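Asker: Structure here, sequence nowhere to be found:
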């Protein structure tokens, strides 16, 4: 198996080519046997290096859309392509989640029994890197988010802003080309919220990553190059003239 | 950080619960070690005792009792003339209560028979003749019965005198009260009866020859059964019953262990539902999640097994020193039994983890977004 997986990944990556990062058409997602329609036909195209903010009130479907883009759940209808390939049809969705995307959660979601440096290493278990290399990479990522002095601290000993910075470092563990962030500043005070947002935007620019950020905060959305507003499972407005 | 670190951290998440689960498995495995070790040790002790007496074949009727059933001593006459038999010795071996000891081996031996030759006098002397009202005690028996040379000892209704302390070379021999067969037949009203014939085969016979000789004897004496020394106890109904009871009780203990580990692992999976979903969301494969849960439960089994072997061994050693059974037990605490016990424990761990692992693999990564 060990020699098949890298081969498959290489195949997938080469097949992805240079098409739009995400191409979504008529995407629908139902819950509770169809009684709840979270997405009611979403059409969307996101290009490499874009910073897209998805806004809207609670229950409008913005987090559900992010779940679909992150392959955390599968749609009921419509097409969802990642770099020209059907995302739900990918043979190895775990590899997609591990290597293609990085996810930042609102509640940080660090594992409490692991230190900062260990939390950052967790996504790297699906790569073939040796333990020492994983650790070195995790330390350098924590340095990049300004936490080199907190690497051996458990999450309970870190402030909210520090936890989110660890989570950001974790999301970058395998060098993704897409960053998906679900209300990344939602659990932070305004000062830390600015620091975290600046950090995410800096990483997006430095590494030319595609950034899709879900937020209900319009001041945060205003910093994005493109804002999509959702309502009742549909896109209400999209300020991107080309999409 | 290695994958093993992840496994250990998973168990250390709830140290008290993990500790209590380990205690549960350890007790189950301790029961396996103690019960099976004692029952196997019982068989081996008798086997060693017979070998110490220089016996190749034992003729007895073990039936359903721990001590063999008596039969006429004249039966011995029908086999003494067989070729390949060098010597025979009639015995009457009984398990009975003597004074303060609730269970003591009484080994009455044909006067002048070869079973006396293996006894090494530690102090005192052997009986002077077949009817002298005296006994010799194995070293452990003297200790358990708290007897020394010259002390009286009550056997059945007769008071005899301790004249010698002997080393018989095996636990069964050293735990016995030894006296002359005619004397015991008289005081126990078993005149003309024996319940064991020890046979020495002519030198140079191999295992196959011994088995053939047993078959010949069995044709001549249908009232009893000849078996190679050591096999007779293991083949007795009583021993088989004890052995089955030991394994049965152990199995129950192991089942309790399985339920304990399964409960712990299910609780762990339930409690860590969101953590598992986060791991799936950041790219862990379901196979890795399954491996994590199974390895955690296997590690619980391994640690519980090691703890169980330690508790079982210590427990048996304590049991061995209890006055009621001191000198009767020589438990088999062989590395093989310990390895089997630990292996059982690891298997228990893995089996217990199967359902929780399956449950954990069914979780959806999207649940990570909740909460």
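Answerer: Received the coordinates, thanks. Model, not experiment: these values are computed from the prediction. Residues are numbered from 1 along each chain as shown, chains lettered A, B, ... in the order given.
Asker: Please make it C-alpha for all contacts and neighbour counts, starting now.
Answerer: OK.
Asker: which bits of chain B sit near chain A?
Answerer: Of all the residues in chain B, those in contact range of chain A (CA under 8 Å from any CA of the partner chain) are B:1-3, B:9-10, B:13, B:275, B:278-285, B:364-366, B:368-369, B:371.
Asker: Out of those residues, list just those in helices.
Answerer: Counted as lying in helices by DSSP state H, out of those, are B:3, B:9, B:10, B:275, B:278, B:279, B:280, B:281.
Asker: Selection in PyMOL covering whichever of the residues you listed are buried, please.
Answerer: For the buried members of these, the matching PyMOL selection, counting by 16 or more other CA atoms under 10 Å in any protein chain shown, is:
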select buried, chain B and resi 9+10+275+278+279+280+281
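Asker: Farthest pair within the ones in helices among the residues of chain B next to chain A?
Answerer: Greatest spatial distance among these (CA to CA): B:9 and B:281, at 19.7 Å.
Asker: Now do the contacts for whichever residue of the stretch 151-300 of chain B sits closest to chain A.
Answerer: Residue nearest to chain A within the stretch 151-300 of chain B: residue B:283 (3.7 Å; CA to the nearest CA). By CA atoms under 8 Å, 6 or more residues apart in numbering or on different chains, the contact list for residue B:283 reads A:94, A:95, A:96, A:97, A:98, A:99, A:123, A:126.
Asker: what's the closest of those to chain B?
Answerer: Nearest member of the contacts of residue B:283 to chain B, counting by CA to the nearest CA, is residue A:98, at 3.7 Å.
Asker: Surely the closest one is in contact with residue B:282?
Answerer: Yes. Between residue A:98 and residue B:282 there is a contact under CA atoms under 8 Å: 5.5 Å.
Asker: When these two are compared, which one has more neighbours?
Answerer: Taking other CA atoms under 10 Å in any protein chain shown, residue A:98 and residue B:282 do not tie; residue B:282 has more neighbours (31 against 28).
Asker: Could I get the pLDDT score of the spatially closest residue to residue A:45 that is not a sequence neighbour?
Answerer: Spatial nearest neighbour of residue A:45, chain neighbours left out: residue A:23 (4.5 Å); criterion: CA to CA, 6 or more residues apart in numbering or on different chains. Looking at residue A:23, its pLDDT reads 94.
Asker: Residue A:23 touches residue A:68, doesn't it?
Answerer: No. Using CA under 8 Å, residue A:23 makes no contact with residue A:68, being 11.7 Å away.
Asker: SS state for the residue nearest to residue A:45?
Answerer: With DSSP: H, G, I helix; E, B strand; the rest coil as the basis, residue A:23 sits in strand.
Asker: pull the longest helix from the chain.
Answerer: Just so you know, I chose chain A. When chain A is parsed with DSSP H, its longest helix is helix A:190-206.
Asker: My question was about chain B, not that one.
Answerer: helix B:15-52.
Asker: Off-centre distance for whatever helix or strand comes next after that one?
Answerer: Next in sequence after helix B:15-52, counting helices and strands by DSSP states H and E, comes strand B:57-60. Mean-position distance between strand B:57-60 and its chain equals 21 Å (CA atoms, centre = their mean, to the nearest Å).
Asker: try stretch A:49-58
Answerer: Using CA atoms, centre = their mean, the offset of stretch A:49-58 from its chain centre is 12 Å.
Asker: same deal with stretch B:250-258?
Answerer: So, by CA atoms, centre = their mean, the centroid of stretch B:250-258 is 19 Å from its chain's centroid.
Asker: can you list the residues that contact it?
Answerer: Looking at what lies outside stretch B:250-258 - CA under 8 Å, 6+ apart - the contacts are B:24-25, B:27-29, B:31-32, B:35-36, B:345, B:348-349, B:351-352.
Asker: Checking residue A:27 next. Helix, strand or coil?
Answerer: strand.
Asker: With chain B in mind, check whether stretch A:24-38 reaches it.
Answerer: No. Stretch A:24-38 does not reach chain B (CA under 8 Å from any CA); its nearest approach is 12.5 Å.
Asker: can you give me the end-to-end distance of that stretch?
Answerer: Using CA to CA, to the nearest Å, one end of stretch A:24-38 lies 15 Å from the other.
Asker: Now it: buried residues?
Answerer: A:24, A:25, A:27, A:28, A:29, A:30, A:37, A:38.
Asker: The first one touches residue A:43, doesn't it?
Answerer: Yes. Counting by CA under 8 Å, residue A:24 touches residue A:43, with 5.1 Å between them.
Asker: joint contacts of residue A:98 and residue B:282?
Answerer: With CA under 8 Å, 6+ apart, residue A:98 and residue B:282 have common neighbours residue A:123.
Asker: Save the contacts of stretch B:250-258 as JSON lines, and put in pLDDT and neighbour count too.
Answerer: Output for the contacts of stretch B:250-258, formatted as JSON lines (pLDDT from 0 to 100; neighbours: other CA atoms under 10 Å in any protein chain shown):
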{"residue": "B:24", "pLDDT": "85", "neighbour count": "22"}
{"residue": "B:25", "pLDDT": "86", "neighbour count": "33"}
{"residue": "B:27", "pLDDT": "87", "neighbour count": "23"}
{"residue": "B:28", "pLDDT": "85", "neighbour count": "28"}
{"residue": "B:29", "pLDDT": "88", "neighbour count": "32"}
{"residue": "B:31", "pLDDT": "86", "neighbour count": "28"}
{"residue": "B:32", "pLDDT": "84", "neighbour count": "29"}
{"residue": "B:35", "pLDDT": "84", "neighbour count": "24"}
{"residue": "B:36", "pLDDT": "84", "neighbour count": "26"}
{"residue": "B:345", "pLDDT": "89", "neighbour count": "29"}
{"residue": "B:348", "pLDDT": "85", "neighbour count": "25"}
{"residue": "B:349", "pLDDT": "87", "neighbour count": "31"}
{"residue": "B:351", "pLDDT": "88", "neighbour count": "18"}
{"residue": "B:352", "pLDDT": "86", "neighbour count": "26"}
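Asker: Which of those residues sits closest to chain A?
Answerer: Using CA to the nearest CA, those come closest to chain A at residue B:349, 22.4 Å.
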